[in-house]
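In: need a structure here:
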Amino acid sequence: MRIPTATYRFQFNSSFKFEEAKKIIAYLAELGISDLYASPIFKARQGSTHGYDVVDPNQINPELGTQENFEALVNEVQHYDMGWVQDIVPNHMAYDSQNQLLMDVMENGSNSESFDYFDIEWNHPYEAIRGRVLTPLLGNYYGDCLENGEIQLKYDHSGLSVNYYSLRLPVKIESYAKFVTLNLGKLTKALGRYHPDFVKLLGILYLLKNPSEEPRGKERYDQIAFVKGLLWELYTQNPEVKEFIDSNIEFFNGEKGKPESFNPLDSLLSEQFYRLSFWKVGAEELNYRRFFTVNELISVKVEELKVFHKTHTLIGQLIESGKITGLRIDHIDGLYDPTEYLQRLRDKTGDVYITVEKILEHKEDLPNYWPIEGTSGYDFLNYVNGIFCKTESEQQLKEIYSRLTGFEAPYEQLFRDKKKLIVERNMAGDVDNLAYLLKRVSGHSRVGSDFTQHGLQRALTEVLTLFPVYRTYINQEGLRESDRSYVKEVIQKAKEQVPLLLKELNYIEKLLLLEDEEFVTPEQKELQRHFVMRLQQLTGPLMAKGIEDTLLYVYNRLISLNEVGGDPSQFGITVADFHEFNKRQQERWPYKMNATATHDTKRGEDVRTRINVISEIPEVWEKQVKTWSEINASKKRKLDSRTVPEKNDEYLFYQTLVGAFPFEESELPEFVERVKEYAIKAVREAKVHTAWLRPDTDYENGFVAFIEEVMKPSEDNQFLQEFLPFQKLISYYGIFNSLSQTLLKVTASGVPDFYQGTELWELSLVDPDNRRPVDFERRLGFLKDIKEKAHTDILKLIEDLLANKEDGRVKLFLTARILEARKQNFELFKEGDYLPLEVVGKFKDCIVAFARKYENSVAITIAPRFLTSVVKQGEYPLGEQWDDTRIELAQGMPSEWKDAIASQSIKANATVLIGDALKYFPVALLLS
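Out: A predicted model of the protein is given here:
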């Protein structure tokens, strides 16, 4: 297996194609990257900016380049002896006209070769969608769209289709009879009954109306091809037939202002294997599984063996040919049986590097029986971020948050409330479906025969909202002790919340713990297991939407902690916990990814390091926010009984400004636009004053107007005069936090992952802001200059980098130096033990230090934090500033060291003085 030294994430799209990536491979190799880590490269919906809306997993996305372009990029990667880790999407595909497998289902229903490909409940209890897949992709109510003429019937070489803007859906072949029969007498008169073309048309009609037996498989597809081909031939070769079909199309499309004229099209649509509906219907009535709450992404039944093999054909070929050397699995928790999937994937791909996108709660363990190398790194992100948050300030910042915003709701209550909000508003249809399934299951039992649909749904809602982790992994093979403990914990809490549903909860607990009743038939047992698997598929999306995409925009005490996989109620991480986490990773998952930024993070890695500084100076922060709020009070708008923005949103705004404010003044106009877009997304995600389902444009426009007024560039802008000095203070210390964070990522247990562009300062906000184009030319020029000067006079270079630290070169320099050290000492960092080091002296709490030891090689990482207590703004945390702070080394440790960053020798007899180690640069990596 190829284990990467370091990975670098590319976000491919039509603006950044294979050709552009090829030009940068040499730069990445020079930087010290060993493996390209690519966003999905398979054919996606046209115009996709991210690639997760796949329409064909067995075709390279033509929008990214030709097959030749792809091969050229592969050759370039291999030329530099680099690997290729590929992000794949097994859970879902785009609900889109370009998805030919789905269109085949919509045209042929149960006769489609792809019928069991997508996760659709055809036998849904709601009659309106029984036997038809809901298509909640209309921008308004179905009736309005129909009578406004927005839904149109069209005809071309591919046959009849239903069109709504870019959406194009096929018409099932059985409905052609209704279309062809219309006004047939008129065509008879025009052509004559015995005209050869008219006879052919009658033959088509006879075939449609009087099949000898319902054709299936290849025979059906042949018949469809014959009917469509013959009809198109008649249309293109006979003017009367063309006029006949065109006039029928015009008739079916009705006349705006005459509602009854749309009856024929409405009738035709009622026959199809799909039901067009307003997109909001998907929140409450749904008969297919989505990705989270995204109607445009329909889930795939990858648990079906034939579906697994079909969707993994190309990726298997690319691995077998050596073009791809690793995989990152997107949304592993969405799968019916993640354990089974990973076992199949391992069997198919052999000894290839595999990581999974898995969100772990604090101190939750990744299933140790999964045949993978670990997670894609959110766990590390939250641990390393947490050590830069001063835990001692928790109560003080909690009180400040309450005083300034009036926000006092306990996090635990919000956790339940926001998940319940999602259940009731955004995922009601998903929970309905689960409750219907449970009703079927309980109906087979004498214990559950009297349970009502309503009671079961209420009980399920409590279980789902209280679930403490993304999911459990109970399957046909049974359950593990960790699964059991989570189930028992959540059921006990649910009983406390809804004691009147004790019997229902006891019944659900037995099902989840696989405690079968006596006399259960094999079929009933299978249905029970199916319910358990379905429930597990729902807990993850509910956690993601309730916490990641709602609560993290509401609970704004310190938003650097509001990160994917994070827990804002966990105010920072102790150094001891950080060390324990890394030791455990080295023992169990030594090759997992370590990330500090991804395409899904809520804010850039250097935005978080800035905001964490607030935890060091809470009194100063409170004074600043009070001042800003007083200055900006007149810029707020009154909206009914509300003030826009309300205080909690204003508090989020100030932290966002402090964290993401650009170093370059020239970037300010663009930054203001980015913040306005972010503000709209943030308040919609919060779902307090506005929401995606029910936008309140008055509130949103008021917030945007506030931002424009507050950020207006003028000499008499009192807010900016007060804000900028404090922001510069925060960004000053944030720079040193960022350098420490970078060093920790590269030297801790695991494989460091770099998101595109983060080798310079990363001040992005949530997507799509973090997918903006990266200026690689600038980075290439910086790296070349840095490498040249490092060979000439490295100390002079460091002096220059620190003097001009705002341009980001200092971070690029550090990244290149420590990646080179990692490459030169690959076995040490890949296999070496993780040894926490004891720090003593005046600033012992301001240093994070550990050693990596493998055979006779040792490396020591020294990363400062909490520097507001060490140096004043403008001073550097170097040399004598560290007073008597030192690291106590264990007996037998070397006494001669070389700093891999500043390239200076250091002597250490059982003690490393921090002032010696950090004499020239703010962080140190000592190599024996």
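
In: Would you map out the domains in the protein?
Out: 7-91+315-357, 100-291, 366-407+559-773, 410-554, 775-824, 827-928 (automatic domain parsing).

In: and the ones you listed as a markdown table, adding distance to residue 299 and mean neighbour count?
Out: For the C-beta atoms, the positions are set from N, CA and C on the backbone; glycine is no exception. Output for these, formatted as a markdown table (distance: least, CB to CB, whole Å; neighbours: other CB atoms under 10 Å):
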| stretch | distance to residue 299 | mean neighbour count |
| --- | --- | --- |
| domain 7-91+315-357 | 6 | 20 |
| domain 100-291 | 4 | 17 |
| domain 366-407+559-773 | 19 | 20 |
| domain 410-554 | 9 | 18 |
| domain 775-824 | 36 | 17 |
| domain 827-928 | 37 | 19 |
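
In: can I get those domains in CSV with distance to residue 308 and mean pLDDT?
Out: Below are the domains of the chain laid out as CSV (distance: least, CB to CB, whole Å; pLDDT from 0 to 100):
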stretch, distance to residue 308, mean pLDDT
domain 7-91+315-357, 6, 97
domain 100-291, 11, 94
domain 366-407+559-773, 15, 97
domain 410-554, 15, 94
domain 775-824, 36, 97
domain 827-928, 31, 96
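
In: Which among those is found nearest to residue 305?
Out: domain 7-91+315-357 (7.8 Å; CB to CB).

In: ok now the closest one, how far from the chain's centre?
Out: Between the centre of domain 7-91+315-357 and the centre of its chain there are 16 Å (CA atoms, centre = their mean, to the nearest Å).

In: Start and end of it, how far apart?
Out: 15 Å (CA to CA, to the nearest Å).

In: Kindly report the same for stretch 627-641.
Out: So stretch 627-641: terminal residues 24 Å apart, CA to CA.

In: Could you report the distance from the spatially most central residue of the chain to residue 740?
Out: Geometric centre of the chain, nearest residue: residue 600, 4.5 Å, by CA atoms, centre = their mean. From residue 600 across to residue 740, the span is 23 Å (CB to CB, to the nearest Å).

In: can you check residue 813 too?
Out: 15 Å.

In: Ok, residue 388 next?
Out: 8 Å.

In: swap in residue 45?
Out: The value you get for residue 45 to residue 740, if CB to CB is used, is 41 Å.

In: What of residue 379?
Out: 19 Å.

In: How about residue 553?
Out: In terms of CB to CB, residue 553 sits 28 Å off from residue 740.

In: go on, residue 478?
Out: 44 Å.

In: What helix or strand is the closest residue to residue 316 other than its chain neighbours located in?
Out: Spatial nearest neighbour of residue 316, chain neighbours left out: residue 348 (5.6 Å); criterion: CB to CB, 6 or more residues apart in numbering. Assigned by DSSP states H and E, residue 348 belongs to helix 338-349.

In: One more: residue 705?
Out: Counting by DSSP H and E, residue 705 is part of helix 697-710.

In: Just the CA trace of that helix, in PDB.
Out: Taking C-alpha atoms only, helix 697-710 is exported to PDB below (Å, rounded to 0.1, in the frame of the first residue of the first chain):
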ATOM      1  CA  THR A 697     -36.400  38.900   2.500                       C
ATOM      2  CA  ASP A 698     -37.100  41.900   4.700                       C
ATOM      3  CA  TYR A 699     -34.800  40.600   7.400                       C
ATOM      4  CA  GLU A 700     -32.200  39.500   4.900                       C
ATOM      5  CA  ASN A 701     -32.200  42.800   3.100                       C
ATOM      6  CA  GLY A 702     -32.100  44.700   6.400                       C
ATOM      7  CA  PHE A 703     -29.000  42.700   7.400                       C
ATOM      8  CA  VAL A 704     -27.300  43.300   4.100                       C
ATOM      9  CA  ALA A 705     -28.000  47.100   4.300                       C
ATOM     10  CA  PHE A 706     -26.500  47.100   7.800                       C
ATOM     11  CA  ILE A 707     -23.300  45.500   6.500                       C
ATOM     12  CA  GLU A 708     -23.100  47.900   3.700                       C
ATOM     13  CA  GLU A 709     -23.500  50.900   6.000                       C
ATOM     14  CA  VAL A 710     -21.100  49.500   8.600                       C
END
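
In: Return the distance of it from the chain's centre.
Out: Helix 697-710 sits 28 Å away from the centroid of its parent chain (CA atoms, centre = their mean).

In: relative to helix 697-710, how tilted is the helix or strand following it?
Out: Following helix 697-710 in sequence order, the next helix or strand is helix 718-747 (DSSP H and E). Computed by axes from the mean of the first three to the mean of the last three CA atoms, to 10 degrees, the angle separating helix 718-747 from helix 697-710 equals 100 degrees.

In: can you offset everything so residue one is 769?
Out: Got it, the first residue is 769 from now on, which makes the last one we talked about helix 1486-1515.

In: and helix 1486-1515, what does it pack onto?
Out: helix 1146-1154, helix 1373-1379, helix 1386-1400, helix 1415-1428, helix 1577-1592, strand 1615-1622, strand 1625-1632 (3 or more CB pairs under 8 Å, 6 or more residues apart in numbering; DSSP states H and E).

In: 7 Å - rerun?
Out: Using 3 or more CB pairs under 7 Å, 6 or more residues apart in numbering; DSSP states H and E, the elements in contact with helix 1486-1515 are helix 1146-1154, helix 1373-1379, helix 1386-1400, helix 1415-1428, helix 1577-1592, strand 1625-1632.

In: for these, which one sits closest to residue 1259?
Out: Using CB to CB, these put helix 1146-1154 closest to residue 1259, at 26.5 Å.
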